[in-house]
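K.L.:
Return atomic coordinates for the entry below.
(chains A and B, ligands or ions: 1)
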Amino acid sequence: MTGLGRNPVITLLAATGIVGSLFFADGVVASETGGDPEKGTKVFARECGTCHKVGPEARNGIGPHLNGLFGRRAGSLEGFRYSKAMREAGENGLVWEFETLDLFIENPRSVVKGTRMSYRGLKDADKRRHLLAFLRQFSDNPRDIPEAAPTLPEGPGFQVPESVLKMEGDPAYGEYLASECFTCHSKDGSDNGISPIIGWPPEDFVVALYAYKTGYRKHPVMEMIARSLGDEEIAALAAYLATLQPSE
Amino acid sequence: MTINRRHFLGAAAATAAVAGAPAIAGQAKPKVVVIGGGPGGATVARYVAKDSKGAIDVTLVEPTRKYYTCFFSNLYLGGLRDLASIGHTYGNLAAKYGINIVHDYAVGVDRDKKTVTLASGSVLPYDRLVLSPGIDFIKGSVPGWDVSAQNEMPHAYKAGSQTELLRAQIDAMPKGGVFAMVAPPNPYRCPPGPYERVSMVAFRLKQINPTAKIMIFDPKPKFSKMALFQEGWQNHYSGMIEWIGPDFGGDKVEVRPDAMEVVVDGEVNKVDVCNVIPAMRNGRICDIAGVSDGRWSPVVPATLQSRMDENIHVLGDSAAQGDMPKSGFSANSQAKVCAMAIRHALLGDKAFPPKFANTCWSALAECDGVKVGATYKATPEKIAKVTGFISKTGEPADVRCQTYKEAWGWYDSITQDMFG
Ligand SMILES: Cc1cc2nc3c(=O)[nH]c(=O)nc-3n(C[C@H](O)[C@H](O)[C@H](O)COP(=O)(O)OP(=O)(O)OC[C@H]3O[C@@H](n4cnc5c(N)ncnc54)[C@H](O)[C@@H]3O)c2cc1C
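P.N.:
The predicted structure follows:
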């Protein structure tokens, strides 16, 4: 799983300075990390259109309408029945912006574990870029509302280093580390009001912790805990927690 | 109007040539003519002159001898600044930087000959022309109002005598009278400007006429810093201000200047002062130069060159550049990028990747300020917002007072940056 790929053009533009404007003027290069909204139209129709609507006439359907999405707190549209998980994610500070959306679309359950959105995720970073550029058009324009959400992602986007995803964790070390976790999370996988963490596919678990670690996913306690964990520790926890299965 | 690709190939060739042979030795100095002496024009003139150290001949054309900033003109309405403190002259730009200041009005641009004609009849040749003429109003955008009614119902959206008139009208309101504002549709200069104005009018009325009322008729469902303004109005001027959005007819407004009436969706309101802020477009000289798309002038984000002529740059309010709000801060920021691009093109000076920023402060009351700001990058399509911040509702008074004072510091700095 990778985040947004770095576009080699960025380096080129940075190096040549204003001369880059010639590229600009001729429209030869794509924008730095922004996508192409026109290409995004198609991605939206194929991937999201059956459940979501966007545009002047858009209403809620199977999923909430996506007008005014950027800068909106997750699970906050009046008149749509969200899952408890989505509402709580919003209450904990999840706001839809390029970075959080990128991650959510890539892997919905790594951001909102218990979401009702049954969508497998879109792994192609370029397609996500175009899709987000398309969706951004239906939220406030910063020219008119300066505080409106950015229209260009700030950096290369959320990324979990490939090396960490490939890392083989030591389950014994993981068991030791997990004792800290079970002071809050249930050990048997029941939902005690705090979502359970056992039996996760290791990759999803690693992504979830990295999302807290990098602040893409907001929650004061979990951000702090994730920041205190090194890569090896995260891999160990992932390996151990995957071996536990919820008791029915 | 479509983009002429030929110009850009031309630009590529020209720039390549300059990069190869920077010196234009033996020839006359390259000439830059700037039209408009606001934050866009004054800043670009000063930076080109200052940084080229006399290697470029800079002429600034501006009809007024004293430029009154729109920014802080609301504080004058509130009684927190005097008018003299927001007026500036061009003396330093001439004396310290050798800029030719011409107090005249540009009436013609010949793009083939590369000359500008002034109202006096004189003709100025240029290698690069910069247009920063601010805004003009769209005729007929508020039914019943045109510029001939500006003495009865001032706009005060170009500062100076209009601002003075509006202040006099506010001060002369009968006890318990009504101040009305017709707010503009997007896009317009200074997104929080009308609402800061309402705050400042309320601040003044609270002292001299506390039973007066303020009505805002707004075609927009939502405006910048809305929650912050509404909180401030509640805190400082509870019960004084009524905002009528499009759900209640704010988008169906007609005015009758002779009768001092505002008709909202058929219902007649008698008012004592009416501040009409019409819809806006680029300065007329952009149309004359043929660089406008009919309302604004599209530019190449990284250099502020017109999409229609690479020898013309358009800055500030008149430019269609993307995400930056039309503000003095934005115009000043764009001017610095533009000055660098001009020196690069004419002298082969080094150019760095363009960066843009904006912050808009608004005063809610004396010592209560809020702000919104962002940074931007040039993409091929537009100047795009990358990050930003905004004041929070419920902030403690000392934070707000700090923000208010910060704005005063900014005012001193930007006016020095413009006028030297
Ligand atoms: C009430 C109010 C409050 C504001 N508050 C803020 C604030 O707090 N912060 C902020 O950053 N911005 C603020 N602004 C916005 C800011 O004033 C404008 O965005 C800014 O002045 C734009 O600069 P400019 O150079 O594009 O145009 P202008 O400042 O309008 O300058 C254009 C100049 O060009 C001249 N001109 C026009 N046509 C010609 C011609 N044909 N020939 C020669 N000269 C010509 C005009 O005389 C004028 O002096 C406010 C605006 C208003 C109205």
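K.L.:
and the closest residue to B:Ala365 other than its chain neighbours, how many neighbours?
P.N.:
Leaving aside its chain neighbours, B:Ala365 sits nearest to B:His236 (4.7 Å; criterion: CB to CB, 6 or more residues apart in numbering or on different chains). Where you see a C-beta, it was placed from the backbone N, CA and C, and this is true even at glycine. B:His236 has 17 neighbouring residues, counting by other CB atoms under 10 Å in any protein chain shown.
K.L.:
do the same with B:Leu364
P.N.:
Around B:Leu364 there are 28 residues (other CB under 10 Å).
K.L.:
ok, it - contacts?
P.N.:
With contact set as CB atoms under 8 Å, 6 or more residues apart in numbering or on different chains, B:Leu364 has these partners: B:196, B:199, B:228-229, B:232-233, B:235-236, B:370, B:400.
K.L.:
Swap in 7 Å and give it another go.
P.N.:
Residues near B:Leu364 by CB atoms under 7 Å, 6 or more residues apart in numbering or on different chains: B:199, B:232, B:236, B:370.
K.L.:
That one belongs to a strand, doesn't it?
P.N.:
Yes: secondary structure of B:Leu364 (DSSP: H, G, I helix; E, B strand; the rest coil): part of a strand.
K.L.:
Local confidence estimate at it?
P.N.:
At B:Leu364, the model reports a pLDDT of 98.
K.L.:
distance of it from chain A?
P.N.:
Distance of B:Leu364 to chain A, computed by CB to the nearest CB, to the nearest Å: 16 Å.
K.L.:
Give me the distance between A:Ile197 and A:Glu180.
P.N.:
12 Å (CB to CB, to the nearest Å).
K.L.:
Quick check: the gap between the one residue sitting closest to the centre of chain A and chain B.
P.N.:
Nearest to the mean C-alpha position of chain A, by CA atoms, centre = their mean, lies A:Leu103 at 1.9 Å. In this view, A:Leu103 and chain B are 18 Å apart by CB to the nearest CB.
K.L.:
What segments of chain B are helices?
P.N.:
If DSSP state H is used as the criterion, the helices of chain B fall at B:5-20, B:39-52, B:73-77, B:91-97, B:161-171, B:193-208, B:226-237, B:284-289, B:328-347, B:397-419.
K.L.:
circling back to that earlier point, please report phi then psi for the residue nearest to the centre of chain A.
P.N.:
Backbone torsions of A:Leu103, given as degrees, to the nearest 10, read phi -70, psi -40.
K.L.:
ok, now which ones touch it?
P.N.:
Residues near A:Leu103 by CB under 7 Å, 6+ apart: A:110-111, A:158, A:211, A:216.
K.L.:
Hmm, which of those residues is lowest in pLDDT?
P.N.:
A:Phe158 (68).
K.L.:
looking at the helices of chain B, which is closest to B:Val107?
P.N.:
The closest of these to B:Val107 is helix B:284-289. By CB to CB, the value is 7.2 Å.
K.L.:
ok, back up a step: out of A:Ile197 and A:Glu180, which sits in the busier spot?
P.N.:
More crowded of A:Ile197 and A:Glu180, by other CB under 10 Å: A:Ile197, with 21 against 13.
K.L.:
any idea how far A:Asp191 is from the nearest residue to the more buried one once chain neighbours are set aside?
P.N.:
Spatial nearest neighbour of A:Ile197, chain neighbours left out: A:His185 (4.8 Å); criterion: CB to CB, 6+ apart. Counting by CB to CB, the gap from A:His185 to A:Asp191 is 10 Å.
K.L.:
who's more crowded, those two?
P.N.:
For A:His185 versus A:Asp191, neighbours defined as other CB under 10 Å are more numerous around A:His185 (18 against 13).
K.L.:
so who does the more buried one touch?
P.N.:
A:194, A:196-197.
K.L.:
one step back: confidence score at the residue nearest to the centre of chain A?
P.N.:
For A:Leu103, pLDDT reads 89.
K.L.:
Roughly how far does it sit from A:Lys218?
P.N.:
In terms of CB to CB, A:Leu103 sits 12 Å off from A:Lys218.
K.L.:
And the pLDDT for residue 46?
P.N.:
Went with chain A since none was named. 96.
K.L.:
The intended chain is chain B.
P.N.:
B:Arg46 is assigned a predicted lDDT (pLDDT) of 97.
K.L.:
contacting residues around it?
P.N.:
B:Arg46 neighbours (CB under 7 Å, 6+ apart): B:93, B:97, B:418, B:420.
K.L.:
Which single one of those residues is nearest to chain A?
P.N.:
Nearest to chain A among the contacts of B:Arg46, counting by CB to the nearest CB, is B:Met418 at 21.0 Å.
K.L.:
Report how many residues lie close to that closest one.
P.N.:
27.
K.L.:
in the stretch 151-300 of chain B, which ranges drop under the pLDDT threshold?
P.N.:
Within the stretch 151-300 of chain B, not a single segment meets pLDDT under 70.
K.L.:
Specify the residue ranges that define each domain of the chain.
P.N.:
All of this is about chain A. Using automatic domain parsing, the domain ranges for chain A come out as A:10-140, A:162-241.
K.L.:
meant chain B, my bad for not saying
P.N.:
With automatic domain parsing as the reference, chain B has domains B:5-136+B:280-352, B:139-276.
K.L.:
okay, those, which one's buried deepest?
P.N.:
Across these, averaging neighbours per residue (mean count of other CB atoms under 10 Å in any protein chain shown) puts domain B:5-136+B:280-352 on top, at a mean of 21.
K.L.:
doesn't A:Phe205 fall inside a strand?
P.N.:
No: looking at A:Phe205 with three-state DSSP, it is helix, so not inside a strand.
K.L.:
Could you tell me how many residues sit around it?
P.N.:
22.
K.L.:
per-residue pLDDT, it?
P.N.:
In this model, A:Phe205 is scored at 92, pLDDT.
K.L.:
Repeat that for the one 5 residues further on.
P.N.:
With respect to pLDDT, A:Tyr210 has a value of 90.
K.L.:
so how far is chain B from it?
P.N.:
For A:Tyr210, the distance to chain B (CB to the nearest CB) stands at 21 Å.
K.L.:
Same question for A:Leu101.
P.N.:
16 Å.
K.L.:
Isn't that residue up against A:Leu132?
P.N.:
Yes: counting by CB atoms under 7 Å, A:Leu101 touches A:Leu132, with 5.9 Å between them.
K.L.:
more crowded one of these two?
P.N.:
Here A:Leu101 and A:Leu132 are compared on neighbour count by other CB under 10 Å; more neighbours surround A:Leu132, at 28 against 23.
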